[in-house]
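S.K.: got a predicted structure here, sequence first:
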Amino acid sequence: MTKFIGKRLINMVITLFIASIIIFTLTEVMPGDVAQMILGQYATPESLEAVRAQLGLDKPAVVRYGDWIWGVLQGDLGTSMSMKGVSISDLLLRRGRNSLFLAAFATIFLVPLSLVVGVIAGLREGSWLDHFISTSSLVALSLPSFISGTFLMLIFAIWLKIVPAMSSIAPGANLFKVFPKLILPIITVSLVLLGYVARMVRASVIDASHSDYARTAVLKGLPYHKVVWHILRNALMPTVTVIAMNLGWLIGGLVIVETLFAYPGLGRLVYVAIQRQDIPLIQASVLLTSAVYLLLNLASDIIYTFLDPRVRY
Amino acid sequence: MEGFVRRIRGFFEIVRRLSHSPLGMIGLVIILLWVLIAILGPIVAPYSPTAYHPQDRFTGPSLKYPFGTDRFGRDMFSRVLMGSRSVLILASSATALSLFLGSSIGLITGFLGGLVDEVVMRFMDILMSFPALLFAMLILGIFGPSPFGVIVVIGLVYAPRIARVARSAVLEVKQREFIEAAKVRGESNLYIMFVELLPNIWGPLGVEASVRFGYAIFLSASLGFLGLGVQPPTPDWGLLMKEAQQYISWAPWMAVFPALAIASLVVAVNFLADAIRKYEAGEL
Amino acid sequence: MNELRTAGDAILEIKDLVVSYTTLSGKITAVRGVNLSVERGTTQGIVGESGCGKSTLAFAIMGYLDRNGQIESGEILLDGENISDKPRKWMKKIWGKELNIVYQDPSAALNPSIKIGRQIGEVLETHGDSSEKEARDETVEMLRELQISDPEIVADSYPHQLSGGMRQRVCLAMALISRPKLMIMDEPTTNLDVTVEAKILDIIKDLKTEFNTTIIYITHDLGVVYEVSDRSGVMYAGQFVEEGPTEDLIGSPIHPYTRGLLRTVPEVSTETRKGKLQPISGSVVELDSLPQGCKFNPRCPYRQEGCTESEPEFQVLDGDRHVRCFEAEEIIKEDYERKPGGGERMSEEKGGGKKILGAENAKKYFGEAKTRLLSREKVDDRVRAVDDVSFNLDEGNTLGVVGESGCGKSTLARTIIGLEEITDGQITLEDKDISVPIEGRDQEVLRQIRIVFQDPRATLNPKRTIKQAMVRPIKLAGASHNEAVNKAEELLQAVDLGPSYLDRHPDQLSGGQKQRVAIARAFASQPELILCDEPTSSLDVSIQSSIINLLLDLQDDLNTTFMYISHNLAVVSYISDYMAVMYLGRLVEVGPTEDILNPPYHPYTEALLSSISVPNPEVEQKRIRLSGVVPSARNVPSGCRFHTRCPRKIGEICETEEPPTRIAGDDAKHSITCHIPVEELSEVEPVLKK
């Protein structure tokens, strides 16, 4: 078991390393002169040189990559270019906290709900309830977040005025106190996954209930709840992987939702960084999200091995 | 000739079976409707989508402007109708690109196996370890937003996913005995790949392509919304949504109609994709 | 009905049962008026080919048909109570308690993520008031009764940790634990190897005496039914065509279909084959297009005019036998001959042929030997699929290779044809070294060897027409398009398929027809050698025999050399001139078929022969059962590979030293690889005696 986890960890580190090279190379070919961008159009060639030297841009790319990755390993992600002098580590921590809060609540909301809905639909295969759940989950997973978010905003914030439309909050605010502002973003970011996971759960419950072992359970005369347990014991295993893998999707979804609701999270930060071509910030935030994504994958693998007796390492 | 007749008959058979799925048919009709609108374009749109009507800024839906107007007094109805062009072109080209790239990679790596397979699929895994939207944003942020960029980037983002599907289909077909029979009689790899293998993986590839088409609309609209796709003043559904955000509380129609348009298309595509999946799985 | 079989004794009575399925293309009647009465404490066998309705009947009795299935009419009386119209809620009370079922695939029937003990125990907890502890004790006790040596360990295992035979015992235990009134077994041993099957069948036979269980045993295998059941019924097109005491039914069948079935299966016999197999003409009827009158009439050799008009009744004959045939009275007067000599099949020496195929110390290992990074310890856990195999095969002869699953017989064929790269040793074709994979072979060598695979569904490309499939290999051999098409027609003719098949797609063909096309395709390049890898294993017996006849006819005409691989000893012994018995990558015995079937035997051959079920009352069979399971090919036993299971192990030498290969008897072609001297091996009684 430890061997398996160790192997997967090493694998992840290698992947992350290659990812960092890709990110670095991509930002490297970014058009435009950074020094020029900082100093503006009318900078003298001398001052441009000075800034380049200060930023280390005159060094070869390999050296700069080395410097960057060395800094990352020590927790020093450099300073933002567009927000002058702000430490990126601080920025990521602050915004990351906000995003994590959003993502955590979204997960708490969506995982149980999607499981329940998917299991009900799966066990009642072919009923009107199943048709309703299947169709609405298909709709939910189809809609891009900015569409569903807009509808929710129009209905609940602008028309019914139950919740605030915008989610801008002061830095460092107590998130529990401003919770009403988070309701719409949480629901919006959950919807796609809710639909997706519910459908996966449904499909896997149906698969399991058509299996020979489910038939065995029925023909042993077991009471309904025990038969269901026989089914779910197997059907929910693959779901764990699906959920963990797709929590990674939340990261992408957060960009849209945070932009839509003006919520100061990591996703919006990435968006702003890309818009302003803030290279160090882009590098750091994209690397961070990739790391989170990979960690989620790793977690799903590990949980799976605990659940399925057939998988042992 | 005979083969042609058979193919036509096969096509009608598929449509007949698909008609067992009401949702699939609804999806198909909506998609065809949007395609028709996109083709007819200016013939159905009452105004030019970029024509300013300064006297009619921010007017709500009316007979004159069924979907209202925006801040320059442009007719939202015409803009929504004409906006179907960019989304359909972007999404279908991107899907075609990713299908081409993905199935080639999947076919080759799956068939050859060994080290090539290992290295390429490892690389695909790494590409997939970036969330799709983030990857697209990064690339478009670096090379500048453009419709062409959107096509390339979506094509690239989804190619590894299609490659996986193609590869696993190839691996499944490859171990069937007719492939071995072909090897035994000394057929070349190219012959086996294109004559024996490829026709047998169209099914799963078709399902995947239809699903990916839905995702491509999803992603291209999202990129448009972030301002990384089609640039103003061209009407694009995602972009229309972006423009509407500022005025959402007092000109909600600016957001509602493009939102409904995107929703109808993307849901329709997913309905159809689901029907196609059921068809392939033999459930219809 | 006979007086002996009064209603009071019958635990199950089925009256005029009709079951149908609703499908997209209309209603299909799968069971069409079945009457059956099963006496308490007996075993009732039900035999039939695929699609005859035997499984539908089983699930109708259970009251658990598929969603689209329904009982149209008739009654099912369990202990006098009609259960055919009971709702599920009511059935729940007797499922698992009075009425149980065991089905074919034990690995699918058990829940993969729940421990065995739990799965069995919960039956007791549900139906009795046993506590968890009591249930557990009883479970362990039941496992012990089914000859599981470590019942506690098994109870704490998950299904994937057990072997196939063990899983089926667990299923039996699960069904038996509540001492049900009636147990239905639907092909419970079909997926098991013969030596394992034999042991499970022994257990099933014992159930009767130990638990006084009533069993309905469903199978396609006449031999198995003969082995386990007191009475048997033969089903055809959703009806019983014949029913009666098993001895009579197998020994002197009356219905033309029963007779046909018994004649169509090859039988292991110490005498070599005489005459051809007798396939039943035509193919199994489709339930949606049943013929007028007697449903068997299109295939029946006794057909009279009346047979096509009305359906015969199920009439009582001879006191205790039921037959559905107008001609029964006439047929019964005829003397029944098991294997009437038809067209002569030579069994004479086909000597003088040149050597076609040779293997010398051929080895195929999978995986790689590794050296541990830290301890520098060498680990060789390669799978030794084929390990040091040598034999010669002369022109026009057939070498049959038998062995249980995983013994390496398929790998051997794949290595010969070059689909696998040989690890070590040499393979020669007409004395030319061909120990290279396909990529390294020239066109001429490729042309000379062909293979026919097992699965008819996978053997033809579903996207290509029969014409495309046939023409391609002929063209590759250098023919023009027109020549190739003509040749393809000729070849199809040779396998009894008309030219109209050329434009069809594989999905328009039945399994047997696909296999015929595959055979025609194999012959297209006029090969010297054809490898047959279980070509009839997934076909019904009546089709199997016609395929075997076809192969033999083609061999007679073209003097082609065959290597025929199968787990089915009867088929192999029928078709082969020479046989090789394979165990764990090694050939333990090689020789002319007659010598293999008679002493001296290798102990493994002896056990195999005694494990098969022979549907023939005239044959007496010695009973030898193997213990344990086949060891992993990754980690083969030292010394003789068979020593872990050998009933005739002579001592330490078997564990430590590789056994010698000795010439057995006077025939230099017969060799046995065993430590026991040949003289001693010769002293045993033959396994099969008339």
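M.R.: Yep, it's here.
S.K.: and the nearest residue to C:I331 once chain neighbours are set aside, how many neighbours?
M.R.: Nearest residue to C:I331, sequence neighbours excluded (CB to CB, 6 or more residues apart in numbering or on different chains): C:I254, at 5.7 Å. Using the backbone N, CA and C atoms, a C-beta is placed for each residue, glycine as well. Number of residues near C:I254 (other CB atoms under 10 Å in any protein chain shown) recorded here: 26.
S.K.: any idea how far chain B is from C:I254?
M.R.: According to CB to the nearest CB, to the nearest Å, C:I254 and chain B sit 41 Å apart.
S.K.: now the stretch 51-200 of chain A against chain C: closest residue?
M.R.: A:G126 (8.4 Å; CB to the nearest CB).
S.K.: contacts only, for that residue.
M.R.: Contacts for A:G126 were tallied using CB atoms under 8 Å, 6 or more residues apart in numbering or on different chains; there are none.
S.K.: which pLDDT value does the model give it?
M.R.: Looking at A:G126, its pLDDT is 86.
S.K.: helix/strand/coil for it?
M.R.: Three-state assignment for A:G126 (DSSP: H, G, I helix; E, B strand; the rest coil): coil.
S.K.: show me what contacts B:L134?
M.R.: A:I251, A:G252, A:V255, A:V270, A:V286, A:T289.
S.K.: tell me the pLDDT at the residue nearest to C:I331?
M.R.: pLDDT at C:I254 comes out at 90.
S.K.: same check, this time on C:V31
M.R.: At C:V31, pLDDT is 93.
S.K.: next one: B:V87
M.R.: pLDDT, B:V87: 90.
S.K.: what's the spacing between the residue of the stretch 51-200 of chain A closest to chain C and A:L254?
M.R.: 37 Å (CB to CB, to the nearest Å).
S.K.: before we move on, what about A:Y213?
M.R.: For A:Y213, the distance to A:L254 - CB to CB - is 40 Å.
S.K.: more neighbours, those two?
M.R.: More crowded of A:Y213 and A:L254, by other CB under 10 Å: A:L254, with 30 against 23.
S.K.: check the offset of the strand or helix carrying the more buried one from the chain's centre.
M.R.: A:L254 belongs to helix A:224-260 when assigned by DSSP states H and E. Helix A:224-260 has its C-alpha centroid displaced from the chain centroid by 13 Å (CA atoms, centre = their mean, to the nearest Å).
S.K.: and it, is it in reach of chain B?
M.R.: Yes: for helix A:224-260, a contact with chain B is found by CB under 8 Å from any CB of the partner chain, at A:G248, A:W249, A:I251, A:G252, A:G253, A:V255, A:I256, A:T259, A:L260.
S.K.: among the contacts of B:L134, who's most crowded?
M.R.: A:V270 (30 neighbours).
S.K.: residues touching that residue, list them.
M.R.: By CB under 8 Å, 6+ apart, the residues touching A:V270 are A:V255, A:I282, A:S285, A:V286, A:T289, B:L134, B:M137.
S.K.: run through the residues that contact the third one.
M.R.: Read that as A:S285. Taking CB under 8 Å, 6+ apart, one finds A:L92, A:L266, A:L269, A:V270, A:A273 in contact with A:S285.
S.K.: and the helix or strand hosting the last one, what's buried?
M.R.: What it means is A:A273. Per DSSP H and E: A:A273 is located in helix A:266-275. Within helix A:266-275, the residues that count as buried by 16 or more other CB atoms under 10 Å in any protein chain shown are A:L266, A:G267, A:R268, A:L269, A:V270, A:Y271, A:V272, A:A273, A:I274.
S.K.: now it - C-alpha only, PDB.
M.R.: These are the backbone C-alpha positions of helix A:266-275, laid out as PDB (Å, rounded to 0.1, in the frame of the first residue of the first chain):
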ATOM      1  CA  LEU A 266      -8.300  32.100  -7.300                       C
ATOM      2  CA  GLY A 267     -10.100  31.600 -10.600                       C
ATOM      3  CA  ARG A 268     -10.800  35.300 -11.000                       C
ATOM      4  CA  LEU A 269      -7.100  35.900 -10.200                       C
ATOM      5  CA  VAL A 270      -6.000  33.600 -13.000                       C
ATOM      6  CA  TYR A 271      -8.400  35.400 -15.300                       C
ATOM      7  CA  VAL A 272      -7.100  38.800 -14.400                       C
ATOM      8  CA  ALA A 273      -3.500  37.700 -14.500                       C
ATOM      9  CA  ILE A 274      -4.000  36.400 -18.100                       C
ATOM     10  CA  GLN A 275      -5.800  39.500 -19.100                       C
END
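S.K.: got the angle for the helix or strand following that helix vs helix A:266-275?
M.R.: Where DSSP H and E defines the elements, the next helix or strand beyond helix A:266-275 is helix A:279-307. On the basis of axes from the mean of the first three to the mean of the last three CA atoms, to 10 degrees, helix A:279-307 is oriented at 140 degrees to helix A:266-275.
S.K.: what's the angle between helix A:279-307 and helix A:224-260?
M.R.: Using the same axes, to 10 degrees: helix A:279-307 against helix A:224-260 is 180 degrees.
S.K.: what does the stretch 51-200 of chain B have sitting close to chain C?
M.R.: Residues of the stretch 51-200 of chain B lying near chain C (CB under 8 Å from any CB): B:176-178, B:180-181, B:183-187, B:195-196, B:199-200.
S.K.: closest to B:F11 among those?
M.R.: B:P199 (15.4 Å; CB to CB).
S.K.: okay, now the unreliable bits of the stretch 51-200 of chain A?
M.R.: For the stretch 51-200 of chain A, applying pLDDT under 70 flags the ranges A:55-58.
S.K.: quick one on the thing from earlier: quick one: least confident of the residues of helix A:224-260 next to chain B?
M.R.: For the residues of helix A:224-260 next to chain B, the pLDDT minimum is A:G248, 71.
S.K.: check contacts around that one.
M.R.: By CB under 8 Å, 6+ apart, A:G248 lies in contact with A:V292, A:Y293, A:L296, A:N297, B:P131.
S.K.: before we move on, what about A:R95?
M.R.: By CB under 8 Å, 6+ apart, the contact list for A:R95 reads A:P264, A:G265, A:L266, A:R268, A:L269.
S.K.: could you look up the SS state of it?
M.R.: Of the three states, A:R95 takes helix according to three-state DSSP.
S.K.: next one: B:Y47
M.R.: Classification of B:Y47 using three-state DSSP returns coil.
S.K.: how near is it to chain C?
M.R.: Using CB to the nearest CB, B:Y47 is found at 50 Å from chain C.
S.K.: tell me the confidence at the closest residue to A:F146 other than its chain neighbours?
M.R.: Once flanking residues are discounted, A:F146 sits nearest to B:F225: 4.8 Å by CB to CB, 6+ apart. Listed pLDDT for B:F225 reads 90.
S.K.: same question, C:P677
M.R.: So, for C:P677, pLDDT stands at 90.
S.K.: count of residues packed around it?
M.R.: Using other CB under 10 Å as the criterion, the residues surrounding C:P677 number 13.
S.K.: go on, B:R164?
M.R.: When neighbours are defined as other CB under 10 Å, B:R164 has 20 of them.
S.K.: in contact with it, which residues?
M.R.: So B:R164 contacts B:G106, B:M121, B:M124 (CB under 8 Å, 6+ apart).
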